[in-house]
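[1] compute the structure for the input listed below.
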Amino acid sequence: TNSIDTLIATKFPLGYAEQAVFVEVNGIAQPKDFVIKEIIKIEHKNFRNTCIAYDFWCMGTEPFWTIQISQKENLIDFYDPMAQKTYHFKYNEPLLEKNIITYKTKNETDNIRIQLKNEPCSDGMSETNFNYSAEINLNGNTFRGCAIKFGEPIQTN
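    The predicted model follows:
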């Protein structure tokens, strides 16, 4: 794991403790160990590569951003790839009103509100269609995009 830890620190220098990433390796399984021979790929975890059930992944373009909402991992993470920064929050139960799901939470310095509407949404770039639109307010800045719920199929044109 030292080689993976070193690679993660190099590839994601602004990550946080216990941040999950997707790593593809080639190795040998032994009775009490796994010996890594080659690290093939390492990338941020996303809705296409995660093996952990999440509540929602939200994403937007212009500017690019992503949010992972996961009760199982006790997190709401807003990732800003342009600034290479992740805003990490503890998970809070959402409020449900009509067809709107609202998550609100804060950490020591930041606050976030995520509103998800059950309505068709397209990100305008990937030709992917989602069942939820997303509006995020992070520290007074508004971001708009789409969201996918765990278990929903990805729809492309």
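[2] use CA for all of it now, contacts and neighbours both
    Will do.
[3] assign a three-state SS to Thr10, would you?
    Judged by DSSP: H, G, I helix; E, B strand; the rest coil, the three-state class of Thr10 is helix.
[4] how near is Pro94 to Gln71?
    Counting by CA to CA, to the nearest Å, the gap from Pro94 to Gln71 is 10 Å.
[5] remind me which helix or strand the most centrally placed residue in the chain belongs to.
    Taking CA atoms, centre = their mean as the criterion, Gln68 is the residue nearest the geometric centre of the chain, at 3.1 Å. Assigned by DSSP states H and E, Gln68 belongs to strand 65-70.
[6] wait, the residue nearest to the centre of the chain touches Asp77, no?
    Yes. Contact criterion CA atoms under 8 Å: Gln68 and Asp77 qualify, at 5.2 Å.
[7] so, low pLDDT: which residues of the protein?
    The chain contains residues with pLDDT under 70 at 1-5, 7-9, 11-20, 43-51, 156-157.
[8] quick one: the helices in it?
    2-11 (DSSP state H).
[9] in it, what residue sits furthest out from the centroid?
    In the chain, by CA atoms, centre = their mean, Pro31 is the one farthest from centre (33.3 Å).
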